[in-house]
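Q: Generate a structure from the sequence data that follows.
(2 chains)
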Amino acid sequence: MAAFHLEMKVNGELVAVDIDPGMRLLDVLREVLHLTGTKEGCGEGECGACSVILDGELVDSCLVMAPQAYGKEVVTIEGVAALGQLHPLQEAFIEAGAVQCGFCTPGMILAAKVLLDHNPNPDRQEIARAISGNLCRCTGYSKIIKAVEIAASRIKAEAGAASD
Amino acid sequence: MGARAYKTYKKDEIKVLKLQEFCQPVELKKALDLLAVAGDQLKPLAGGTDLIPAARQGELKIKGFLDLSRLEELKGIKEEGREIHLGSLTTFSQLELSPLIKDQVPLLAEAASTVGSPQIRNQGTIGGNIANASPAADTVTALVALEAQARLVSSQGIRVVPVDELLCGMGETGIQPQEIIQEVFFAIPPPENRNGFVKLGRRKALAIARMNMAVIITLEDGVITRARVALGAVGPNPYRNQILEGVLEGRKPSPSLLEEFTSEAEQEVAAKLGPRPSAPYKREAIKGIARDLLSRLFFGNGQVVA
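A: A predicted model of the protein is given here:
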């Protein structure tokens, strides 16, 4: 079948690629753009390893046909660190020991980022709900929740320092 | 011994769906014209959360997709007079967060908030929930209690059908191949009403409903003058149960009415499920969810399983 001309923004950059429209957004990110930070786990929306931010909302990129991203803005884990500087969430995940095998980590960080973008001061329940679509088989989640709390307090402190 | 059978795929098979067509119209009229001549070549694609894995796993044979995601005519939540109109592409997250929905029909916001995961709620749509006709569709149970109607459009015209009449069994609907759901609408329940939704899943997130229930009661001078009760994951599709509505109508909320309702609900579930393996469990479980929901609506307490 004819190729589909897909234009979208990925991590702030305009991307235009001709793709097979039977590909999912996940496939285009990994196989065409070689952004392999986005993982494929279950391929059916249960595990959240393929989570990306699409127009500001967390989605499973295995459940989005690539053409559906036309004209939209995608943020993957590669777009979270600014200018070589790790995001406070990434720093906090390392510090809190919230990364073990690491397979869920990109999705977890993006889920947490969307949460903190909307709610800079979440309680533990809100954090748990925000990451409820992301499975982790190593950490038992408590260190991940701790990491999100650390990052939230740091982002707040930085924002406070910046406005002083 | 007992080696686990993992699914094996050839690399090409798993990566790319073999599609003959992928259409992405930006006008509803164009979409309907395409569907009118497509036969079974085009399947309308909304949020895709059920359709995409089903197509990839070969459960559904998809020749081509008609992607609805750019059709503005299918978007938005509107209040028109005493009715609420939901564009069919309204996502579960939009329902969950809409001040209008939370204020006027909390049962629908509650139902939407229990679907899948944050990711699924951001992607999945109310139109897809109907068209997919899952027995356990959470928002559909709420829509059935609200006596919602679906507005179906095709190049031939428009028809309006009650949502519960559109559902014709597990995965089956009366939606014609050339039709799409443009919107779903319902009357806002009368002012003196209380409504709620309860779901029983295996865990809080990502659980398909083992059972769900939506109830709307209208009170006048302390008496329930009108009741709507819908049950999901008990029959092939969510449905209204008029026997349970009859138990409530004309009565005053009381602990004894609550008990009467629960035992009637148990009998209804038993009758509906017959000898299915899940029946003994669901007969017990319905009592728990009925008690949770009604005690909240009757007495303003009792936590809902979210």
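Q: Give the burial count for B:D164, as a bare number.
A: 18 (other CB atoms under 10 Å in any protein chain shown). For every residue, glycine as well, the C-beta is placed using N, CA and C.
Q: So what's the predicted local confidence for B:R202?
A: With respect to pLDDT, B:R202 scores 74.
Q: nearest spatial neighbour of it, skipping sequence neighbours?
A: Spatial nearest neighbour of B:R202, excluding adjacent residues (CB to CB, 6 or more residues apart in numbering or on different chains): B:R210 at 6.7 Å.
Q: In this structure B:N237 contacts B:L166, no?
A: No: counting by CB atoms under 8 Å, B:N237 does not reach B:L166; the two are 9.0 Å apart.
Q: ok but B:H85 is inside a helix, no?
A: No: read with DSSP: H, G, I helix; E, B strand; the rest coil, B:H85 is strand and lies in no helix.
Q: Surely the residue nearest to B:R202 and B:G232 touch.
A: No: B:R210 is not in contact with B:G232 according to CB under 8 Å; the separation is 9.8 Å.
Q: Common neighbours of those two, please.
A: Taking CB atoms under 8 Å, 6 or more residues apart in numbering or on different chains as the criterion, B:R210 and B:G232 both touch B:A136.
Q: quick one, phi psi at residue 18?
A: In the absence of a named chain, chain A is used. Main-chain torsions, A:D18, degrees, to the nearest 10: phi -100, psi 120.
Q: actually it's chain B I care about, not the one you picked
A: Phi and psi for B:K18, reported as degrees, to the nearest 10, are phi -80, psi 100.
Q: just B:A230 next, same as before
A: phi -120, psi 140.
Q: now swap in B:L66 and tell me
A: The phi/psi pair for B:L66 (degrees, to the nearest 10) is phi -110, psi 100.
Q: can you pull up the bridge partners for it?
A: Going by DSSP bridges, B:L66 is paired in beta bridges with B:C23, B:P44.
Q: who's in contact with it?
A: Listed by CB under 8 Å, 6+ apart, the contact partners of B:L66 are B:23, B:25, B:31, B:34-35, B:38, B:42-45.
Q: switch the cut-off to 6 Å
A: B:23, B:42, B:44 (CB atoms under 6 Å, 6 or more residues apart in numbering or on different chains).
Q: residues near the residue nearest to B:L257 when sequence neighbours are not counted, how many?
A: Nearest non-adjacent residue to B:L257, counting by CB to CB, 6+ apart: B:R251, 5.2 Å away. When neighbours are defined as other CB under 10 Å, B:R251 has 16 of them.
Q: What of B:K18?
A: 12.
Q: Next, find the distance separating it from chain A.
A: 6 Å (CB to the nearest CB, to the nearest Å).
Q: Skipping its backbone neighbours, what lies nearest that residue in space?
A: Here the residue nearest B:K18, using CB to CB, 6+ apart, is A:G22, at 6.0 Å.
Q: residues contacting whichever residue of chain A sits closest to chain B?
A: Residue nearest to chain B within chain A: A:G133 (2.6 Å; CB to the nearest CB). A:G133 is in contact with A:48, B:117-119, counting by CB under 6 Å, 6+ apart.
Q: So B:N237 and B:L166 - more neighbours on which side?
A: B:N237 (26 against 20).
Q: surely the residue nearest to B:R202 meets B:L200?
A: Yes: when contacts are counted by CB atoms under 6 Å, B:R210 is listed as touching B:L200 (4.9 Å).
Q: Chain neighbours aside, what residue packs nearest to the closest residue to chain A within chain B?
A: At 2.6 Å from chain A, B:S117 is the closest residue in chain B, using CB to the nearest CB. Of all residues not flanking B:S117 in the chain, A:G133 sits nearest, at 2.6 Å (CB to CB, 6+ apart).
Q: just the strands in chain A please.
A: For chain A, the strands defined by DSSP state E occupy A:4-10, A:13-19, A:51-54, A:57-60, A:73-75.
Q: Deepest-packed of those strands, please.
A: Ranked by mean neighbour count under mean count of other CB atoms under 10 Å in any protein chain shown, these are led by strand A:57-60, which reaches a mean of 28.
Q: ok, and what's touching stretch B:131-147?
A: By CB under 6 Å, 6+ apart, stretch B:131-147 touches B:50, B:107-108, B:111-112, B:114-115, B:126, B:129-130, B:163-164, B:167, B:170-173, B:175, B:186, B:197, B:208-209, B:212, B:214, B:216, B:228, B:230, B:232-233, B:236-238, B:240.
Q: now it: mean pLDDT?
A: For stretch B:131-147, mean pLDDT is 94.
Q: Excluding its own residues, what touches stretch B:242-258? List them.
A: Residues beyond stretch B:242-258 that count as contacts (CB under 6 Å, 6+ apart) turn out to be B:222-224, B:227, B:229, B:261, B:264-265, B:294, B:298.
Q: I meant to write stretch A:47-56 there.
A: Taking CB under 6 Å, 6+ apart as the rule, stretch A:47-56 contacts A:26, A:38-41, A:58, A:60-62, A:72-76, A:104, A:107, A:110-111, A:114, A:133-135.
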